[in-house]
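In: A predicted structure for the sequence below; I have some questions about it.
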Amino acid sequence: MMKNSKFSYGWLLKFILAAILVGVGIYMAFASDVVYAITGIAIILFSLLRVVPLVKSLNKEILRTLNLIEIIFDILIGVLVTYIAFAKGDVLDSEPFWGYVYRYSLVFVFYARGLVYFNSVVFLGEKTEVPKFWIHIVSLTLGAIIAVYPNFDYNLVGILLLIISLFGAFYLGYDGYNGYKLYRQKSLELNEGVQKDVTKKKQKQPIVDEPEKEDRPYVN
C-alpha cells in the first residue's frame, strides 16, 4: 500500500523557508552587517551561476570574454563587500568610509551589467528580447540613483531586501499551501481507497454451492 502511494513533502520545506525569509528580512532591516553580507553573497552567487550558461550560449569569443571580465570584477566586489561585513561589522555605522565603498560597489555592479548588455546588443550583434531590454534600463537607472542619492545607505537596501523577502515568503507559502492541499487530498484518497478495497473484498467473497439433495428414491 505504501509503495503505491506517492507523497511529496516539499510543502514542509517551503513553509520553513518562508518563515526563514520573513525572519531574515525583518532582521536585515535593522542590521547593517547582515545587509552587507547578504548583498555580497548575492553578488557572488549571481555571478558564479551565470558562468556556465553564458559560456555555452554565447556564440562569439568577444562576447564570452566581455561577460567573463564583468563576472570576475563582480565576484571581486562581492568578496570585498562580504569581507567588509564580517571584518568591519562593529564599525560600519561609525565609519562612513565603508558606506561609500558599499554604495559605489553597487553602482559598479548595476552600471557594468547595463553597459555590457547594451554594448553586446548594439556593437556585437547579440539578439535580445523586450523584457531583457527594460531590465537593463532599470539596472542603469538604479546605478545612477544610488550614485547621486544623498541619503543612500544600508537601511534603504535593508528595506528593499525585506520587501523582496516578504514577496518570496508569500510565493513559497502559497506554493507550499497548494502542495499541502495536494498532500491531504492524497491522504484522503488513500484512506478512501482502503475502505473501498475492504468493501470490494467483502462483495467478492466466493459463494460455495451446496450439494443438491437427491429426491429420487434409491434403487438397489
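Out: Structure's in. What do you need? Numbers count the residues shown, from 1 in each chain.
In: Kindly indicate whether Thr128 is helix, strand or coil.
Out: coil (DSSP: H, G, I helix; E, B strand; the rest coil).
In: Helix or strand: which one has the most centrally placed residue in the chain?
Out: Nearest to the mean C-alpha position of the chain, counting by C-alpha atoms, centre = their mean, stands Gly168 at 7.7 Å. Assigned by DSSP states H and E, Gly168 belongs to helix 154-203.
In: distance of the residue nearest to the centre of the chain from Tyr174?
Out: 11 Å (C-beta to C-beta, to the nearest Å). In short, each C-beta sits where N, CA and C put it, glycine included.
In: Pretty sure Leu63 sits against Glu126.
Out: Yes. Leu63 is within contact range of Glu126, at 6.2 Å (criterion: C-beta atoms under 8 Å).
In: intersection of neighbour lists for those two?
Out: Ser120 (C-beta atoms under 8 Å, 6 or more residues apart in numbering).
In: SS state for Phe30?
Out: coil.
In: which residues touch it?
Out: For Phe30, the contacting residues are Gly158, by C-beta under 8 Å, 6+ apart.
In: Start the count at 36 instead of 1 going forward.
Out: From this message on, residue numbering opens at 36, which makes the last subject Phe65.
In: What backbone torsions are found at it?
Out: Main-chain dihedrals, Phe65, degrees, to the nearest 10: phi -120, psi 0.
In: same thing with Asp125?
Out: phi -80, psi -20.
In: Could you check how many residues crowd around it?
Out: Residues near Asp125, counting by other C-beta atoms under 10 Å, number 9.
In: How about Ala204?
Out: 21.
In: cool, and Leu207?
Out: Neighbours of Leu207 using other C-beta under 10 Å come to 21.
In: Near Ala122, how many other residues are there?
Out: So Ala122, with other C-beta under 10 Å, has 11 neighbours.
In: cool, and Glu224?
Out: Counted with other C-beta under 10 Å, Glu224 comes out at 12.
In: Pull the contacting residues for it.
Out: By C-beta under 8 Å, 6+ apart, Glu224 has no neighbours at all.
In: how close does it sit to Tyr215?
Out: According to C-beta to C-beta, Glu224 stands 15 Å off from Tyr215.
In: same question, Leu84
Out: Leu84 is 29 Å from Tyr215, where distance means C-beta to C-beta.
In: cool, Leu56 as well?
Out: As judged by C-beta to C-beta, Leu56 and Tyr215 stand 18 Å apart.
In: For the two, indicate the residue with more neighbours.
Out: Leu56 (22 against 17).
In: Whichever strand or helix holds that one: what's the following helix or strand?
Out: Assigned by DSSP H and E, Leu56 falls within helix 45-63. For helix 45-63, the following helix or strand on the C-terminal side (DSSP H and E) is helix 67-92.
In: what's the angle between that next one and helix 189-238?
Out: Here helix 67-92 runs at an angle of 70 degrees relative to helix 189-238 (axes from the mean of the first three to the mean of the last three C-alpha atoms, to 10 degrees).
In: Pull out the buried residues from helix 67-92.
Out: Of all the residues in helix 67-92, those buried under the rule 16 or more other C-beta atoms under 10 Å are 67-75, 78-79, 82.
In: so who does the closest residue to the residue nearest to the centre of the chain other than its chain neighbours touch?
Out: Nearest residue to Gly203, sequence neighbours excluded (C-beta to C-beta, 6 or more residues apart in numbering): Leu56, at 5.1 Å. Applying C-beta under 8 Å, 6+ apart to Leu56 gives the contacts 200-201, 203-204, 207.
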